[in-house]
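# Requesting a structural model of the entry that follows:
(2 chains)
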Amino acid sequence: MRTRVLSCLVLFALAGAAPGQTLTIYSGRGEALVQPLVERFTAETGIEVSVRYGGTAELAVLILEEGRASPADVFWGQDAGALGALSQAGRLLALPADLTAGLPGIFTSRGGFWIATSGRARVLAFNPAGSAPEPWPSSVFDLVDETYRGRVAWAPTNGSFQAFVTAMRVVHGEDLTETWLRGMIANDTQAYRNNTTQVEAIAAGEVDYALVNNYYLLRFLASDPDLSVAQSFFDDGDIGNLVNVAGAGIVVTSGNVDAAQRFLRFLLDEQAQRYFTDEVFEYPVTTDVTPDPRLVSYGELLAASPDVDLDVLEDLEGTLELLREVGLL
Amino acid sequence: MLIPALVAGIGTLVPIVYLVLRAFDADLATIQRLVLRERTWTLMVNTLSLTLGVLALSTVMAVPLAWLAVRSDIRFKRLVTILAVVPLAIPGYVVAYALISLGGANGLLSQLLGTVVPRPSGYYGAVAALTLYTYPYLFLNVRAALLGLDPVLEESARSLGYSSREVAWRVVLPQLRPALLAGWLVIALYVLGDFGVVTLMRFEAFSYAIYLQYSSAFDRTYAALLSLILLGLTLLIVAGEGRLLGRRTYSRTGSGSQRAATRTRLGRWSPLAYGYVTSVMMVSLVLPLTVLASWLVVAPPGIQALQPVLEAFGRSASVAVPAAVITALAAMPIAYLSARVRLIGSRLIERLAYFGYAIPPVSLALALVFFSLRSMPWLYQTLTILVMAYVISFLALALGPIRSALMQVPPRLEEAARSLGRPPFVAFFQTTFPLIRRPVVAGTALVLMVAMKELPLTFLLAPTGFTTLAVRVFTRTSEGMMAEAAPFALAIVLFSCLFVSLLVSYEGRR
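Modelled structure (predicted):
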């Protein structure tokens, strides 16, 4: 009996272990999006790929917990914050300079530990039926105005929102950010879980405006063109138009660095970039791919986006502290 | 008997040790600043009131339903039983989505009735959503107890001049106590740890704060601290349950064997009973299934979508089935020790099992990562460790029904067998086991269904590339691709329906 149990255990263990040449990816991006790309990569290069899917944050914490024993070669996350946390903890390998060369400034990490794979812009979503006669807010700072009392949605617990607050702290300073947060709370801003639920809240008529990422609405519209929600930027350069990224890096303990680098290059090539913009309405990070027509043009995006170094979005700690202090977390 | 119980007990200690180790990474000042805030207090009050609300509502839903399904003369009892258990299989966020999509300007109700009903949210929204898929825990426990209840007790009470109402309050209800407590305990602990529903309903509970620490701060230390506070709450609840349960005798002491209870005729009350059953089914089952179906309709999948569903189904089952069987095997000795053996520590082990259930899954998974990489790296990211995690996490689910049943079985049967020369183990399997067989199967079923939809443990501990049904649902909804997620979610629910009906017909055969 005991030997049988033991051999069962060993069998299980063997079944779980992957052969040496397989590239192991921890992906916070969804399977439906990633799998077709991975299959194409394997077809082109002959490199077998094994993907662990999960939440971006959980997988980043997992890599931290695994430490030197991590089986992961590549980490692919939904936001710059997770990548920043991993590189700060020394879990990411410095990338060769040619990988990051040629990308627009808003899509590079200056530390050189990870690359952006696609971009997503913060926008203001609104109900086109309800708010027509109102003047459009020129800045995210205008939303503390009495006009918007109880009519704006945000998602204080959401990673993209927190990255935006981090950027605001860097560009406008702690005091102004805190004043804005307190002003928004006093103005009865409604908290939701994430971007999707905020877009739904506008459609449901609960709120008239929402601070969201650009691509969720487009995904909704793709399946329901009659949805009564639209979106637009604030004035050019406003912090409310921050461009954040999904990105990937190579885990420092990877025994498969060559294959990992090939995968990262593959994500930056034209086909993969076109796929991101056509399938999920994100911005390509390389200028030779035109964004999907439903997105604004590259020129408009670059003009609208504020000048923020993506590496500063690593200081999530300070943002969380601030959000706790004002009582949002 | 003692050894498997001890092993299982130690298993649940592993994550607790991990949490303490991690929490001590922080310096005392930080701990004080983070923990002794007003917000911690608010979260605590919110969590407790949420728990009480869910307990009250689930009792109102589960107890009458269980009584109707066992003791009344309504028809389609088997169907009612199956349908009352299936909501367990529906992922929590689907239930929450379903409720939310009822209201609002383009919600289901406004399309049907033409008036805009506000979408449920906050406290009441969270209570409703959580109740709708946790009440089956209580239903299963109470049903098992009602099935095992000896009708002689009620008959004697009646012959002594008690009215029906007095019989219900003074005889039946006290007998249901272990089952009620076991069900309440499991539901309460579930509510403590739930994250999905409370965030969708925008209600700030404790688990929410823990999850935030991992998800936005990557802060394992503070998360561990909060988890320990949560375990403190668990301790209070588990100890409270233990006190309320006490050391009473619930088994028959006379001679002879138990016979089936008579069924109460509902008479003019039966339309009410059918109405009640139907409305419970409508909200807990039809509603979320409608939402799933509406996702499907948005983009109907082709026949080629079937293969990945089957593949993922095979994976889910290959973990859930062994996990459920092992959990039941581990739960039996623990329940036996707790119900029968009066030793110091025999109940402690059973209590420990509840901690495994209450620890936030992300913390439990990280604890197993920590320990397996340090002591048994060859086990890391294997199915074995995933099954272990499931067992630690779900042990409490199987314990409830088994413990309640053991309390109803007279120990003298087994004593008689032993006095006739049977070794203890054989005596147990020949006398007691046949009498607790159904609750054991019910406990196994419970674990199986919950394991089929398990998510956080799976994506941290499964072998890389091992995408189960639940993981496939998650990795699609997380990108906002509801239509692509629907077939996988439906597969989970369909499987559970099928499985529960098999189970109920097995019970019927006896």
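# Can you find the residue of the stretch 151-300 of chain A that comes nearest to chain B?
Residue of the stretch 151-300 of chain A nearest chain B, by CB to the nearest CB: residue A:204 (2.7 Å). C-beta here means a position set from N, CA and C on the backbone, and glycine is covered the same way.
# and that residue, how many neighbours does it have?
Counted by other CB atoms under 10 Å in any protein chain shown, the residues lying close to residue A:204 total 21.
# Find me the pLDDT at it, would you?
Looking at residue A:204, its pLDDT stands at 85.
# quick one: it and residue B:121 touch, right?
No: checked against CB atoms under 8 Å, the pair residue A:204 and residue B:121 is beyond contact range at 10.7 Å.
# ranges for the strands of the stretch 1-150 of chain A?
Secondary structure of the stretch 1-150 of chain A (DSSP state E, counting those that start in this stretch): strands at A:23-27, A:49-53, A:74-77, A:114-126.
# Would you reformat these as CSV and include mean pLDDT, mean neighbour count and distance to residue B:31?
Formatted as CSV, these follow (pLDDT from 0 to 100; neighbours: other CB atoms under 10 Å in any protein chain shown; distance: least, CB to CB, whole Å):
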stretch, mean pLDDT, mean neighbour count, distance to residue B:31
strand A:23-27, 94, 25, 30
strand A:49-53, 92, 22, 33
strand A:74-77, 94, 26, 29
strand A:114-126, 91, 25, 32
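# okay, the ones you listed in a markdown table with distance to residue B:244 next?
Below are these laid out as a markdown table (distance: least, CB to CB, whole Å):
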| stretch | distance to residue B:244 |
| --- | --- |
| strand A:23-27 | 45 |
| strand A:49-53 | 43 |
| strand A:74-77 | 47 |
| strand A:114-126 | 50 |
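# Just say helix, strand or coil for residue B:209.
Following DSSP: H, G, I helix; E, B strand; the rest coil, residue B:209 is assigned to helix.
# Number of residues surrounding it?
Residue B:209 has 23 nearby residues by other CB under 10 Å.
# and what of residue B:467?
Residue B:467: 24 surrounding residues under other CB under 10 Å.
# any idea which element it lies in?
For residue B:467, there is no enclosing helix or strand under DSSP states H and E.
# Ok, residue B:21 next?
Using DSSP H and E, residue B:21 sits within helix B:2-23.
# What is the distance between that helix and the centre of its chain?
21 Å (CA atoms, centre = their mean, to the nearest Å).
# Next, see if that helix gets close to chain A.
No: for helix B:2-23, no contact with chain A is found by CB under 8 Å from any CB of the partner chain; the gap never falls below 9.4 Å.
# how about that helix: buried residues?
Across helix B:2-23, burial judged by 16 or more other CB atoms under 10 Å in any protein chain shown covers B:5, B:8-9, B:11-12, B:14-16, B:18-19, B:22-23.
# go on, stretch B:234-243?
So stretch B:234-243, judged by 16+ other CB under 10 Å, has buried residues B:234, B:237-238, B:241-242.
# how far does stretch A:43-59 sit from the chain's center?
Counting by CA atoms, centre = their mean, stretch A:43-59 comes out at 17 Å from the chain centroid.
# CA atoms only: put that stretch into CSV for me.
Taking C-alpha atoms only, stretch A:43-59 is exported to CSV below (Å, rounded to 0.1, in the frame of the first residue of the first chain):
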residue,chain,number,x,y,z
ALA,A,43,5.1,27.2,-35.1
GLU,A,44,7.7,29.8,-36.1
THR,A,45,10.5,28.9,-33.7
GLY,A,46,9.9,25.3,-32.7
ILE,A,47,10.2,26.3,-29.1
GLU,A,48,7.7,24.6,-26.9
VAL,A,49,5.8,27.0,-24.5
SER,A,50,4.0,26.3,-21.3
VAL,A,51,1.8,29.0,-19.9
ARG,A,52,0.6,29.5,-16.3
TYR,A,53,-2.4,31.8,-16.3
GLY,A,54,-3.6,33.7,-13.3
GLY,A,55,-4.1,37.2,-11.9
THR,A,56,-1.2,39.6,-12.7
ALA,A,57,-0.8,40.4,-9.0
GLU,A,58,-1.0,36.8,-7.8
LEU,A,59,1.6,35.6,-10.3
